[in-house]
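Colleague: predicted model, plus sequence, below.
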Amino acid sequence: MRKKIIAGNWKMNMTPSEAKDLIRLLKDGCNTDSSDVVFIVPSIDVTTAAECLKGTQIKLGTQNFYFEDKGAFTGEISAKMILDAGGEYVIIGHSERRTIFKEDDAMINKKLKKAHAEGLKPILCCGESLSLREDGTYKAFIEGQIKSAFEGVSEEEVKNTVIAYEPIWAIGTGKTATADEAEEVCKMIRDCIKAIYSEDAGETIRIQYGGSVNGSNAKELFEKLDIDGGLVGGASLKDDFIKIVNYKA
Ligand code: PGA
């Protein structure tokens, strides 16, 4: 039985002071017994957030890192820095990183391998644009993203990866994929992991859905067989996130 994982991707929102207020609003209401709950905060908020989350089971992560250990990489942060500041998870390959910051499949593969090498838990994002959805090639596209991200990644590491299926047309648009549409792709991704690695790896890996998840649609999505939780953007910045985490209640 896979444990659900529900992560809030704060994106470029919340100063450290605002992060304190948001954590105060959310931390007591989130039930962490049946799901792993993760706040994915801006890097500069990690230290403050770690302090505020002491004594809770809520986990912390960042939205990006660079695959080198240290050195002349102005503007970047390393896996060790995240871990040392109290972070445990990292998002890799979010569509906003791929499109706005031009991260390609080769870089995403390097980041995935480095995260595992350092003991940082990756949430690997994949998902198609509206045009790929409409022309029907989205499954092949996502399969390509998965294959290239996992090149050279071991079976043990795969089991410790979380994949977030996030159709780009559903991110921040209020247009959620239907539960059946989301399930179709999450199952396809799981089958793809089974084909590349093993039945066991496919059954173990956790696959989230992301894209306009909110307190009203979370239950229907998360009850699908192959959807192991969600990556939540907009709704993670308000108390609706509690409703999402406690979707069973
Ligand atoms: P959204 O964002 O929930 O605001 O659609 C999801 C994401 O980009 O991770």
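Modeller: Sure thing, it's come through.
Colleague: where's Lys238 relative to Gly215, distance?
Modeller: Distance of Lys238 to Gly215, computed by C-beta to C-beta, to the nearest Å: 10 Å. Where you see a C-beta, it was placed from the backbone N, CA and C, and this is true even at glycine.
Colleague: pLDDT score for Pro42?
Modeller: pLDDT for Pro42: 98.
Colleague: got a list of what it touches?
Modeller: Listed by C-beta atoms under 8 Å, 6 or more residues apart in numbering, the contact partners of Pro42 are Trp10, Lys11, Met12, Asn13, Met14, Ala19, Thr62, Gln63.
Colleague: return the distance of the third one relative to the ligand.
Modeller: Applying C-beta to the nearest ligand atom, to the nearest Å, one obtains 12 Å for the distance of Met12 from the ligand.
Colleague: who's in contact with that residue?
Modeller: Counting by C-beta under 8 Å, 6+ apart, Met12 makes contact with Pro42.
Colleague: backbone phi and psi for it, please?
Modeller: Main-chain dihedrals, Met12, degrees, to the nearest 10: phi -90, psi 60.
Colleague: please, where are all the helices along this protein?
Modeller: In the chain, the helices defined using DSSP state H lie at 16-26, 46-52, 79-85, 95-100, 105-118, 130-135, 138-149, 155-159, 179-196, 199-204, 218-222, 240-245.
Colleague: any idea which of those gets closest to Thr32?
Modeller: helix 240-245 (8.0 Å; C-beta to C-beta).
Colleague: before we move on, back to that, now the helices of the chain in a markdown table, with distance to Ile5?
Modeller: Shown next, in a markdown table, are these (distance: least, C-beta to C-beta, whole Å):
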| stretch | distance to Ile5 |
| --- | --- |
| helix 16-26 | 16 |
| helix 46-52 | 18 |
| helix 79-85 | 18 |
| helix 95-100 | 19 |
| helix 105-118 | 16 |
| helix 130-135 | 25 |
| helix 138-149 | 18 |
| helix 155-159 | 13 |
| helix 179-196 | 13 |
| helix 199-204 | 13 |
| helix 218-222 | 10 |
| helix 240-245 | 11 |
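Colleague: among the ones you listed, show the one with the smallest mean pLDDT.
Modeller: helix 130-135 - the lowest mean pLDDT of those, at a mean of 94.
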